[in-house]
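Chemist: when you get a sec, could you give me coordinates for this:
(3 chains)
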Amino acid sequence: MHEVNSDQQQTRRLSLSLALVAVLMFGFGFALVPLYDTLCRILGINVKVEQVTLAQINAAADAQQVLARDVRIELVTTVSEQLDWSFYPLVKTLSATTGDSNKVLFYAKNNTDHAVTVQAIPSITPTPGAKYLRKIQCFCFERQTLQPGESVKMPVVFYVDPALPEQYQTLTLAYALFVVEDPPG
Amino acid sequence: MVTGRHSAFSALCAGLLLMTHPALADWQLNLSPGVTPISHDVYDLHMAVIAICTGIAVVVYGMLAFIIIRYRRSKGAVAAHFSDNNKVEIVWTVVPFLLLCAIAVPATRVLFDMDDYDAADVTIKITGHQWYWQYQYLDQGVEFYSNLSTPPAQFAGSAARGEWYLLEVDRPLVLPVGKKVRFLVTSNDVIHSWWVPQLGVKRDAIPGFVHEAWTRIEKPGTYRGQCAELCGVHHAYMPIVVEAVSESQFADWIHDTAVQARATRNTPSDWTMEHTLQRGSALYAAHCAACHKENGRGRPPLFPALQGSSIVVGTEVSRHIKLVLYGVPGTAMQAFAPQLDDEELAAIITWERNAWGNNTGDLVTPADVQALRR
Amino acid sequence: MTDSQTHKPVTFFKRWFFATNHKDIGTLYLCFSLMNLFVGGSLALIIRAELFQPGLQLVDPNLFNTLVTMHGLVMVFGVLMPAAVGLANWQIPLMIGAPDMALPRLNNLSFWILPFAVMLLGSTIFMDGGGPNFGWTMYAPLSTTFAPPSTDFMIFSIHLLGLSSIMGAINIITTIWRMRAPGMTWMKLPIFVWTWLVTAFLLLVIMPVLAGVVTMMLADRNFGTSFFDAAGGGDPVLFQHVFWFFGHPEVYVLALPAFGVISQVIPTFSRKPLFGYRFMVYATVSIAFLAMIVWAHHMFTSGIPYRAQQFFMYSTMLIAVPTGIKVFNWLATMFRGSLSFETPMLFATGFLALFTFGGFTGVMTAVAPADIQYQDSYFVVAHFHYVLVSGVLFALMSGVYYWLPKWSGKMYNERLGQWHFWLSAISVNILFLPQHFLGLAGMPRRIPDYALQFADFNAVSSVGAMIFGFTQLLLLYNVIHTLRHGQKATGQVWDGAVGLEWTLPSPPPHHSFQTPPRID
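Modeler: Prediction:
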C-alpha cells in the first residue's frame, strides 16, 4: 500500500469522526421533535398546560399600564366524520374582557352503542395571537370517556392576556375530537 | 437556427407580449389578476419580478449570444489569459443583491397586507375531506357539502365533456361581494389545500388544526379552484366553486338555505321499486361509483366489491344501512349520514341491494334509514 | 483485467461484484444511473401519455399517483445521485493524484447496496395495496395513517439509499482530505473536487435527518407513536419541517456536483482558465450554508406564521446571489476565450442558459405572497424540472461526454453527440415551458385528469416528452458504440484540457497514480 501506518491511522480516525457526525445528525433529526414542541410552546401554538397564573398576568399588565379591552372569542368544533358523537359549544361566540376569567361549556354526547374514549386537540388562530389565550382548565388536557348514550357539558376556563397586540380583535378557539379507544362495535 | 436557449427566451418575450387574462381561457399564458385586492397585489408583484428577471435575462442571454458568436475558435479567436478581477466580482455580487432588495420591499408589503386581522363580516369553516369540501357558515347556521358534479361517464369519455369538466360542484360556496370573508380551514383526514386562483387564496387544510385565511371579493361572478395538496386517489376530483353575489342576494340565499333541515319524512307515495332503483342508480353513480365502481366490483382491498358482498346481500338490512350512515373508521369509507338525506340513502341502498345480480328484492324506505339515525 | 496483488486474471463476477478499484466502481454507478434513467423516464412517459388529453385513458388514479411517486424517487435517488457519485469515483482520485479512494471496500458496499434498494422500492408496486402513492415528498398523514402496507418496505429502501450516500460521503471527504498529491493545497484543488467536498459534507449532515424522518413515519405506522398525528398530540406540519430540512439541501446536493462539472468543461472549451476560482469556491460554500436555512419556502401555505414566511423568503432570495456569481464567472470564462462547441461544451452551454432560466422561476417562487399562486401547481413542476433536467442532467451528460474518452480510451461519435444535444435541448423546452403557463392558469400538480382549459398546453408538453424521452436512446447507443468501435483517444483528449487526469494515458492505468505527482 502507499500509506505508512500512522497515515492509515489518521485516515481511519477521520472516517470514524465523519461517521460520528452522521450518527449525531440522526439524533439531531429526532431532536427536532422536542425542539419543534418548544418553539410551538414559545409561540403559543397548541399549548397544553399553562405555567403562569392569572394574578401574575394581571400584575404585569397593571405594571405596564395596559388597558383592558374586549376581544371576540369564537368557539369552533370539528368531529371526525366516522365518530358518531355530538360535540358543540353551548355558545358560539362571546365577548371576553382581557384579564378576566371566562368559563364556557362544550356539550358532548356519545351516540354509539359502546364506550368511547376521545382526545380533544385545541387549535387557536390567528397563530401570533394564540399564546395570549390562556387556558386554566380544559377538557383537552385529558382524555374523556363516555358510556353509550352518555352526554356531558365540559368546561373550559380561560382568560385573554391583556398584552394581546391591538390588531387582534378576534381569536378563534377550535377543538378537533379524535378517537383514542373505540373497539369495533 | 432555433436553439434551446433562444426558444426559451423568445417564448418568455412572447408570453409578455401576448398576455391575456380572461378567466380560464385555452392557451392562457399568465396569472389572472383576479378579483380581490390581494390577488391584484400578488399579480402586480408577479409581473414586477418577471420584469426584473427579464431585464437580467436580456443582459445574461445577450452576453452569452455575443460571446458565442464573437469568440469562436473557428473564426480565429485567440484566448486571452486573465482569470480573475475582484472589482467585477464585487459588482456582480452587489448589483443582484440590490435587485433582490428591490423585489423584497414590495414583497414584504404584500405579505404584511395578507397579515390582516380586522373584523370579518362572514366566517366560513372549510373542512377538507377525502374527496370533497364541507362548508359551514358559522354565524348563519348554514352548512353543506360540496361534491364534484361531473358525471363519471365523462371521465373515460363515454359521455361528452362539459365546459366545466372537473371544475363543477353540486353546491357552490356562496359569498357576498365587497365584504370581508374569513375562512377557518381544517381537514377531516389527510392534508388538503383550498385554492381559488382568482381570489388569491390558498390555505392548507391540516387535520387537527385550524388555520385562517381571508378575502374580500370585488366583483360578482363564479370563481373556480381545486384541491392543491395530494390527498389520495381522487385528489383531482374535489374542485371548489365560489359564487360571489350581491349582499342582498347573499342574504336571500342564506334565508332559503338555512330553512332546510334534515327533517324526517314519511315514505312518499311514489316510493316504488322501479322509481327508487332509477333514483338510486343515479345517486350511486354520483356518490359511490368513484370507489366502488359503476359495476359494483370496487378495487379490493382498498375499495371492497359490493356485488355479492355479504353485507349487501345479507338478510340484516340494518347492518348495511348503518355502515353507509356511519362509515368504517380507519378506512376511506366515510359516514354519509351528514350529507345525504333519508330518501337519498334509501334509494342508494336499495340500488346496491338489487343491482349487479344481487337481487335481494329489498325496497329500503326513508323511514328505515331515519330509524337508524342517532 | 488482473488482480492488483497477485496479478492473476480475475473473472467477470469477481471484477464487478468485488470491485474495489475506483474506476470500476465509478463505471458501476454510471451504468446503474443510466439504467434508472430509462426506468424513471419510462414512468414519466406513461404519466405524460395519460396527460396528453383530458380524461382517464391509460391508468387509474391510484396507479397514476404511484407512478408520480416512483418517478420522483427513481430520478432523485436512482439517477441523479448515483451519476454524480459515479463521476466522483472516477474523477476525484485522478484529479488529486491519488491511486484510489481512501476506503475501497466501503466504496464497494456503498454501490452494491443501491441495486438492492432500488429493486426493493420497485417491488412495492406489486405488493398488496400497491406501491407508495403519496408523492416523493411523502407528506403525513397520507404517508402514515392512510398509506398502503408496502410503505414500510419503501422506508427500508430509503434507509438503504441513505446509508449508501452517507458511506460514499465519508469516503469522498476522507479521500480529498488525506490523499491529495504533495503540493496540492486547498486553493489548487480542481473546482469539481471542491464542489464534491462541499456536497459530501451536506450529505453527511442531511441524509441522517431523512433517515430520522422516515423512522418517525415507521414508528407512527407500526409502533403507536404520534409524531405526525394530531390525535396523539403530534403535528402533520412537523413532518414537513423535518422532511424539508433534508429536502432542500438535497437539491443542492444534486446541483453542486453539476456546477463542478460545468466549471471543468467550460474552461477547457474556452481554452482559458476558470474565471474567479476563489469566488467560485466561496460561492459554493455559501450556497451550502444558505441551503440549510431556507427549507420552509416549501411550506408557505401550510399556516406557518407570517414572520417565518418573511425570514424564509429573504434567505431563499439570498441564495440567488452566490448562484448568480457562478453564472457570471462562467460567462467571464468564455468571454474572450477561444471557443469550440464539441458535445460536452454544447451541453454545458445549454446548462448555462436553461439552468439560469430555472433560476429565474426560483426567484419568483421565493416571493412568499406570490407563491400562494405557484405552490403545488405546475409552475413549480416547471421550475424544478428546468433546474434538474435541463440543468443538472445536462451537466452530468456534459461530464460523461467530456470524460468518456479518458475513461475508455475511445472517442465517442461527435455527430451523434450533436444530434443528442440539439434534439434534447429543443424538446426539453417543448416539454417544460408550457408547464409554466399551466401552473399560472391554475392547474394543480399530481392530478391524472384535468379541466378542459388545460388541454392545449398539456398536449404540447406530452409531445415534447415523447421526443425528449426517445432522444436519450441516442446517448445509450453512443456509449455502447464508443466502447465497442470508438476511435482511439490520446491522453490529452481535448487540447484545452488542464488537470492531472489529462496527464495520464486513456484509459488510465489500474492504480491511476502509482506514485503521487508533485504539484507546484
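Chemist: tell me the buried residues in the helix or strand of chain A with the lowest mean pLDDT?
Modeler: The weakest-scoring helix or strand in chain A, judged by mean pLDDT, DSSP states H and E, is helix A:54-63 (a mean of 74). By 16 or more other Cβ atoms under 10 Å in any protein chain shown, the buried positions in helix A:54-63 come out as A:54, A:57-58, A:61. Glycine gets a C-beta too; all of them are placed from N, C-alpha and C.
Chemist: now do the residue of the stretch 151-300 of chain B found nearest chain C against chain A, distance only.
Modeler: Distance from chain C to each residue of the stretch 151-300 of chain B (Cβ to the nearest Cβ) is smallest for B:Gly208, at 2.2 Å. Per Cβ to the nearest Cβ, to the nearest Å, B:Gly208 is found 5 Å from chain A.
Chemist: hang on, that residue packs against A:Gln119?
Modeler: No. Contact criterion Cβ atoms under 8 Å: B:Gly208 and A:Gln119 do not qualify, at 9.9 Å.
Chemist: contacts only, for the residue of chain C found nearest chain B.
Modeler: Across chain C, the shortest distance to chain B (Cβ to the nearest Cβ) belongs to C:Ala230, at 2.2 Å. Contact analysis of C:Ala230 by Cβ atoms under 8 Å, 6 or more residues apart in numbering or on different chains lists A:121, A:176, A:178, B:206-209, C:236.
Chemist: before we move on, the earlier item: ignoring the adjacent residues along the chain, who's closest to the residue of the stretch 151-300 of chain B closest to chain C?
Modeler: Nearest residue to B:Gly208, sequence neighbours excluded (Cβ to Cβ, 6 or more residues apart in numbering or on different chains): C:Ala230, at 2.2 Å.
Chemist: give me the neighbour count for residue 132.
Modeler: You didn't say which chain, so I picked chain A. Neighbour count of A:Tyr132, defined by other Cβ atoms under 10 Å in any protein chain shown: 20.
Chemist: my bad, chain C
Modeler: Counted with other Cβ under 10 Å, the neighbours of C:Pro132 add up to 27.
Chemist: follow-up on the earlier one: what's in contact with the least confident helix or strand of chain A?
Modeler: Applying Cβ under 8 Å, 6+ apart, the set of residues contacting helix A:54-63 from outside is A:68, A:98-99, A:101, A:134, A:136, A:159, A:161-163.
Chemist: recalculate using a threshold of 10 Å.
Modeler: A:50, A:52-53, A:66-68, A:98-101, A:132, A:134, A:136, A:157-163 (Cβ atoms under 10 Å, 6 or more residues apart in numbering or on different chains).
Chemist: which of the residues you listed are buried?
Modeler: For the contacts of helix A:54-63, buried by 16+ other Cβ under 10 Å: A:50, A:66, A:98-99, A:132, A:134, A:158-162.
Chemist: per-residue confidence averaged over the helix ranked longest in chain B?
Modeler: Using DSSP state H, we find that the single longest helix of chain B is helix B:37-70. Average pLDDT, helix B:37-70: 97.
Chemist: show me what the spatially most central residue of chain B is bridged to.
Modeler: Closest to where the C-alpha atoms of chain B average out (Cα atoms, centre = their mean) is B:Gln226, at 1.8 Å. When assigned by DSSP bridges, B:Gln226 has beta-bridge partners B:Trp195.
Chemist: please name the residues that touch it.
Modeler: Listed by Cβ under 10 Å, 6+ apart, the contact partners of B:Gln226 are B:148, B:166-167, B:193-197, B:235-240, C:376-377, C:442-444, C:447, C:450-451.
Chemist: which one's more surrounded, B:Gly208 and A:Gln119?
Modeler: B:Gly208 (28 against 21).
Chemist: re the thing from before, and the residue of the stretch 151-300 of chain B closest to chain C, backbone torsions?
Modeler: Note on B:Gly208: backbone dihedrals following degrees, to the nearest 10 are phi 90, psi -10.
Chemist: again, but for the one 3 residues further on
Modeler: As for B:His211, its main-chain torsions (degrees, to the nearest 10) stand at phi -120, psi 150.
Chemist: now the one 5 residues further on
Modeler: In this entry, B:Arg216 is assigned phi and psi values of phi -140, psi 110 (degrees, to the nearest 10).
Chemist: one more: B:Gly221?
Modeler: Per degrees, to the nearest 10, the backbone of B:Gly221 is at phi 160, psi -180.
Chemist: how about the secondary structure of the residue in chain A that chain C sits nearest to?
Modeler: The nearest approach of chain A to chain C comes at A:Gly29, 2.5 Å away (Cβ to the nearest Cβ). What DSSP: H, G, I helix; E, B strand; the rest coil gives for A:Gly29 is helix.
Chemist: name the nearest residue to it, ignoring sequence neighbours.
Modeler: Leaving aside its chain neighbours, A:Gly29 sits nearest to C:Gly212 (2.5 Å; criterion: Cβ to Cβ, 6+ apart).
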